[in-house]
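Asker: okay, sequence plus prediction incoming.
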Amino acid sequence: MSVQIQEVVTKKELNKFIQFPNRLYKGNPYYIPALNMDERKTFSTKNPSREYCNLRLWLAYKDNKIVGRIAGIINTRANELFKQKKVRFGWFDTINDIEVCRALVNTVEQWGLENNLTEIHGPLGFTDMDKECLLVKGFDVLSSTSNWYNYEYYIELLEKTGFKSECEWIQYEIPASQPVPDKIERINELIKEKYKLKVPEFKSLKKEIMPYARKFFHALNASFEGLYGFVPLTEKEIDWYLKQYFPFLKPQFISLIIDEMDEIAGFGVSLPSLSRAYQKAKGRLFPFGWYHLLRALHKYDYIDLYMNGVRPEWQHKGIHSLYYAQMNKAYIKYNVQKALTNPQIDGNEAVKIWEKYEGYKEVIRRRVYGKDISPLK
């Protein structure tokens, strides 16, 4: 039977869209189900990213069964910023069937052509705060909750439909219990003294960190400017993410480098791994999902590095060493054994920092694919 594509319109269809990967990866020990409520919020028109992102969702059916899903996104701000005419695809999952893959991708391509776009790329979300990239190495590694998992056959399916790699990201696993070398400690003290920088130790999320919360996102915007596909967050998006994610942060794993003007020069944010807790929750906070998440935040030996960066005017001055050293000390203090780094673009100078850690190893690679869909190609 041929593949039928149906657009997601109703709440019932949206639930099917959200639940499909849970069936596709059932029994896979490395797949991490998203929280259903988070997915609904992301697709909601209340999501401030929807003010400049057009969204359509589709399901693929074969023999009256759901066999795939895909999201099409037109990010108008990204297209204006990078002077491009691209449609994005994301939330892409499929059985191992080239016909299903081709039908899903062709649907997004056709929508892109209808809107006078000439290229398609993905997997991507609305912003860099959403899940993005296809897993191409590390299929037997438990990643963080902020990244997608996919089967290895996805690579072959996308490449058979004409996609080629546009950019790759690397993630490393590092031993987290290594002491900070005395030499690094001495250099860090010189850096702080030279540039009049402070690296405070936080104890209270509400009283000590929240006053810097908006400055943090402004520093993030500045630090990531110019990186592949990155579009600065709007003030409404910052409000959205403050409400969505900040309550889960732990002060001891947040490092902010503060300059003499009380601005954030650099930052490092990590969090106890919630991956096993998400697996146990199976997409639901209630009745017991909340318990697994709460327990994971208080009992852990594995940490995920989520975000780190340095504002452009402070780059190439060695200040990244300050937040890495502080987080390193926190890991030792709280008996963290291993850490998984956030995805960093292959070739980016920031990746070299992990070479200083004995026992570091590359464990995951991710990729964004793209291709020309211009009718004149």
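Answerer: Everything's here; your move. Numbering: from 1, shown residues only.
Asker: describe which strands the one helix or strand K371 maps to pairs with in its sheet and in which direction.
Answerer: Per DSSP states H and E: K371 is located in strand 361-372. Applying DSSP bridges to the sheet, strand 361-372 is found paired with strand 119-122 (antiparallel), strand 134-137 (antiparallel), strand 164-175 (antiparallel).
Asker: looking at those, which is buried most?
Answerer: Ranked by mean neighbour count under mean count of other CB atoms under 10 Å, the strands paired with strand 361-372 are led by strand 119-122, which reaches a mean of 23. The way it works is simple: take the backbone N, C-alpha and C, and place the C-beta from them, glycine included.
Asker: a markdown table for the strands paired with strand 361-372, including mean pLDDT?
Answerer: Shown next, in a markdown table, are these (pLDDT from 0 to 100):
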| stretch | mean pLDDT |
| --- | --- |
| strand 119-122 | 98 |
| strand 134-137 | 98 |
| strand 164-175 | 94 |
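Asker: now for these, which one comes closest to E355?
Answerer: strand 164-175 (9.4 Å; CB to CB).
Asker: who does whichever helix or strand comes after the closest one touch, helix- and strand-wise?
Answerer: The helix or strand immediately downstream of strand 164-175 is helix 182-195, counting by DSSP H and E. Where contact means 3 or more CB pairs under 8 Å, 6 or more residues apart in numbering; DSSP states H and E, helix 182-195 is packed against helix 320-333.
Asker: residues touching the helix it packs on, excluding its own?
Answerer: Helix 320-333 is touched from outside by 176-180, 184-185, 187-188, 191-192, 197, 199, 201, 252-253, 255-257, 266-268, 270, 303, 305, 308, 310, 336, 339, 350, 353, with contacts defined as CB atoms under 8 Å, 6 or more residues apart in numbering.
Asker: after it comes which helix or strand?
Answerer: Note on helix 320-333: by DSSP H and E, the next helix or strand toward the C-terminus is strand 338-340.
Asker: that older thread, looking at the strands paired with strand 361-372, which is closest to Y151?
Answerer: strand 134-137 (8.6 Å).
Asker: for the closest one, give me every contacting residue.
Answerer: 123, 143, 147-150, 154-155, 158, 168, 362, 364-369.
Asker: ok, and for the helix or strand just after it, which residues are buried?
Answerer: Downstream of strand 134-137, the next assigned helix or strand under DSSP H and E is helix 153-160. Using 16 or more other CB atoms under 10 Å as the test for burial, helix 153-160 gives 154-155, 157-158.
Asker: ranges for the helices of the stretch 151-300 of the chain?
Answerer: Using DSSP state H, counting those that start in this stretch, the helices of the stretch 151-300 of the chain run over 153-160, 182-195, 213-224, 235-245, 275-281, 289-298.
Asker: please enumerate residues in contact with stretch 154-169?
Answerer: Contact partners of stretch 154-169, identified using CB under 8 Å, 6+ apart, comprise 92, 94, 96, 98, 101-102, 105, 121, 133-136, 228-229, 343-346, 365-371.
Asker: roughly how far is it from the heart of the chain?
Answerer: 19 Å (CA atoms, centre = their mean, to the nearest Å).
Asker: flag the shaky bits of the protein, pLDDT-wise.
Answerer: 1, 349-354, 356, 376-377 (pLDDT under 70).
Asker: flag every buried residue along the lengthiest helix in it.
Answerer: When the chain is parsed with DSSP state H, its longest helix is helix 98-114. Going by neighbour count (16+ other CB under 10 Å), the buried part of helix 98-114 is 99-105, 107-109, 111-112.
Asker: now do that helix: which elements does it pack against?
Answerer: Against helix 98-114 (3+ CB pairs under 8 Å, 6+ apart) you get strand 4-7, strand 53-62, strand 65-75, strand 86-94, strand 119-122, helix 153-160.
Asker: recalculate using a threshold of 10 Å.
Answerer: When contacts are defined as 3 or more CB pairs under 10 Å, 6 or more residues apart in numbering; DSSP states H and E, helix 98-114 sits against strand 4-7, strand 53-62, strand 65-75, strand 86-94, strand 119-122, helix 153-160, strand 361-372.
Asker: mind putting these into a markdown table with distance to L14?
Answerer: Listed next are those as a markdown table, based on distance: least, CB to CB, whole Å:
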| stretch | distance to L14 |
| --- | --- |
| strand 4-7 | 11 |
| strand 53-62 | 7 |
| strand 65-75 | 11 |
| strand 86-94 | 11 |
| strand 119-122 | 20 |
| helix 153-160 | 23 |
| strand 361-372 | 25 |
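Asker: residues touching T10, list them.
Answerer: K16 (CB atoms under 10 Å, 6 or more residues apart in numbering).
Asker: show me which of the contacts of strand 134-137 are buried.
Answerer: 123, 143, 147-150, 154-155, 158, 168, 364-369.
Asker: as TSV, the helices of the stretch 151-300 of the chain with distance to L117 would be great.
Answerer: Formatted as TSV, the helices of the stretch 151-300 of the chain follow (distance: least, CB to CB, whole Å):
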stretch	distance to L117
helix 153-160	18
helix 182-195	45
helix 213-224	24
helix 235-245	23
helix 275-281	34
helix 289-298	39
